[in-house]
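A.B. asks: Build me a structure from this.
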Amino acid sequence: MREVRRWWQSLDPAIRLTGSYLLIIMLISFFFSVVLYYMAAGQLSEGLRHQYLRFGCGPGCDPQGPVGLIVREELAIEKGRLIAQLAYFNILILIMAAASSLWLARRTLRPIEAALEAQSRFSSDASHELRTPLSAMQAEIEVALRNKKLSKDEAINVLKSNLEEVIKLRGLSDSLLRLARENGLDYTAVDLKIATAEAVSRLQVLADKKHIKIVDQTDSAIVSGDYISLVDLISILIDNAVKYSPENSQITILSDTSSRFASLTVKDNGPGIGNTHLTRIFERFYRADVSRTGSGGYGLGLSIAKKLADLHQGKIEVKSQAGKGSEFTLKIPVLKQGA
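C.D. replies: So this is what the prediction gives:
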């Protein structure tokens with residue numbers, strides 16, 4: 001029994017799921033075949049009994065006589081023919097069910113396998129990102145402990161460096177928690193112009209350090225959403241633009257409203273993103289070689305932004321060329337009048 005179980009577990013998941021589907025289908029088919037056989041056999045017996053009586057063999061007739069023998073032989077032939085037809089029917093069901101079950105099993109497992117692969121990749125990337133600052137902190141502390149002539153200023157520098165790494169780890173853990181957040185949003189009527197203004201104020205200090213001018217040209221647009229989450233989302237887009245824009249440049253924020261969507265576009269003059277990276281920039285921990293080098297981030301910002309947009313039934317579109325800057329456009333359904 002253990003050998004059979006071990007052999008079963010060694011099979012491809014799609015094959016095992018196909019076998020499970022097929023077993024269920026064939027059990028149902030066999031059950032109905034048995035029911036159909038007894039129903040049909042009963043009707044055949046009843047029909048042949050009427051023929052038996054029609055041939056003049058009444059209640060007192062010898063059932064072992066010539067007429068009775070003919071009826072029994074006919075009944076046996078019809079039952080054999082019925083069994084053959086049901087067997088043929090079940091073989092057809094087996095072939096068709098095997099093909100359809102295999103197709104359905106592969107179709108069912110495809111998103112599950114993709115989710116498991118993404119989870120495995122996410123765990124691996126998260127472990128790597130956590131190990132890097134921890135390794136740096138460990139190395140600095142070990143070097144400091146081995147230095148018997150460690151001065152107060154050197155100890156302070158080690159503590160400052162470790163504090164920077166702790167702050168990075170805190171930011172990473174906060175980002176991971178935000179990615180895991182799937183509910184708890186408080187949907188109200190939100191003006192994107194107000195949310196954008198608060199997001200700009202959050203990033204103004206960071207922009208001033210690089211002498212970057214943020215030009216907010218947004219108009220009022222009412223959407224249904226969680227105000228704090230929308231401010232976070234817009235802040236991520238602006239923060240992304242500030243990080244990858246050169247000093248003394250400009251970031252422009254534009255808006256547009258149609259009958260269905262309110263759009264918010266953040267344009268920068270950074271290095272841009274190559275076509276090979278555009279399809280992957282929303283993946284967790286992904287950082288393009290050109291557009292994200294030296295940013296100091298973990299590659300989680302745009303993943304969080306995409307998830308927040310999804311929670312608001314919106315989407316983020318990107319237009320970019322290497323060396324020509326980028327445009328990130330957020331589209332969210334507008335709030336209908338009377339909603």
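
A.B. asks: Quick check: which helices or strands does the host helix or strand of Ala115 pack against?
C.D. replies: Ala115 belongs to helix 66-146 when assigned by DSSP states H and E. Helices and strands touching helix 66-146, by 3 or more C-beta pairs under 8 Å, 6 or more residues apart in numbering; DSSP states H and E, are helix 13-54, helix 152-180. From N, CA and C alone the C-beta is placed, and that goes for glycine too.

A.B. asks: ranges for the strands of the stretch 201-339 of the chain?
C.D. replies: 213-217, 222-225, 250-257, 261-267, 315-320, 326-333 (DSSP state E, counting those that start in this stretch).

A.B. asks: would you list these in TSV and tack on mean neighbour count?
C.D. replies: Shown next, in TSV, are the strands of the stretch 201-339 of the chain (neighbours: other C-beta atoms under 10 Å):
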stretch	mean neighbour count
strand 213-217	14
strand 222-225	21
strand 250-257	17
strand 261-267	21
strand 315-320	16
strand 326-333	21
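
A.B. asks: closest to Ser135 out of the ones you listed?
C.D. replies: strand 326-333 (32.3 Å; C-beta to C-beta).

A.B. asks: Check what contacts the closest one and list those residues.
C.D. replies: For strand 326-333, the external contacting residues (C-beta atoms under 8 Å, 6 or more residues apart in numbering) are 192, 223-225, 230, 233-234, 237, 240-241, 244, 260-268, 270, 272-273, 291, 309, 312-320.

A.B. asks: If we use 6 Å, what do you get?
C.D. replies: Defining contact as C-beta atoms under 6 Å, 6 or more residues apart in numbering, one finds that strand 326-333 is touched by 223, 237, 261-268, 272-273, 312-320.

A.B. asks: Could you do stretch 193-205 as well?
C.D. replies: 214, 216, 218, 220, 230-231, 234-235, 238-239, 242.

A.B. asks: for stretch 159-169, same thing?
C.D. replies: Residues contacting stretch 159-169 (C-beta under 6 Å, 6+ apart): 133, 136-137, 140.

A.B. asks: ditto for stretch 302-318
C.D. replies: Counting by C-beta under 6 Å, 6+ apart, 178-179, 225, 229, 233, 236, 278, 281-282, 284, 328-333 sit against stretch 302-318.

A.B. asks: buried stuff in that stretch?
C.D. replies: In terms of neighbour count (16 or more other C-beta atoms under 10 Å), stretch 302-318 has its buried residues at 302-309, 311-312, 314, 316.

A.B. asks: would you turn these into JSON lines with pLDDT and distance to Leu27?
C.D. replies: Below are those laid out as JSON lines (pLDDT from 0 to 100; distance: C-beta to C-beta, whole Å):
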{"residue": "Leu302", "pLDDT": "83", "distance to Leu27": "50"}
{"residue": "Ser303", "pLDDT": "81", "distance to Leu27": "45"}
{"residue": "Ile304", "pLDDT": "81", "distance to Leu27": "48"}
{"residue": "Ala305", "pLDDT": "85", "distance to Leu27": "50"}
{"residue": "Lys306", "pLDDT": "87", "distance to Leu27": "45"}
{"residue": "Lys307", "pLDDT": "84", "distance to Leu27": "43"}
{"residue": "Leu308", "pLDDT": "86", "distance to Leu27": "47"}
{"residue": "Ala309", "pLDDT": "89", "distance to Leu27": "46"}
{"residue": "Leu311", "pLDDT": "85", "distance to Leu27": "43"}
{"residue": "His312", "pLDDT": "88", "distance to Leu27": "47"}
{"residue": "Gly314", "pLDDT": "91", "distance to Leu27": "47"}
{"residue": "Ile316", "pLDDT": "91", "distance to Leu27": "49"}
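
A.B. asks: Nearest to Leu75 among the residues you listed?
C.D. replies: The closest of the buried residues of stretch 302-318 to Leu75 turns out to be Leu311 (C-beta to C-beta; 68.9 Å).

A.B. asks: can you tell me how far that closest one sits from Asp226?
C.D. replies: Computed as C-beta to C-beta, to the nearest Å, the Leu311 to Asp226 distance reads 8 Å.

A.B. asks: Please flag which of the buried residues of stretch 302-318 sit within helices.
C.D. replies: Under the assignment DSSP state H, the buried residues of stretch 302-318 contribute 302-309, 311 to helices.

A.B. asks: Would you mind checking which of those residues is nearest to Leu185?
C.D. replies: Nearest to Leu185 among these: Leu311, at 6.1 Å, using C-beta to C-beta.

A.B. asks: measure the closest one to Ile238 for me?
C.D. replies: From Leu311 to Ile238 the distance is 19 Å (C-beta to C-beta).

A.B. asks: Can you list the low-confidence ranges for the stretch 1-150 of the chain?
C.D. replies: 1, 4, 8, 48-71, 118-119, 121-126, 128-129, 132 (pLDDT under 70).
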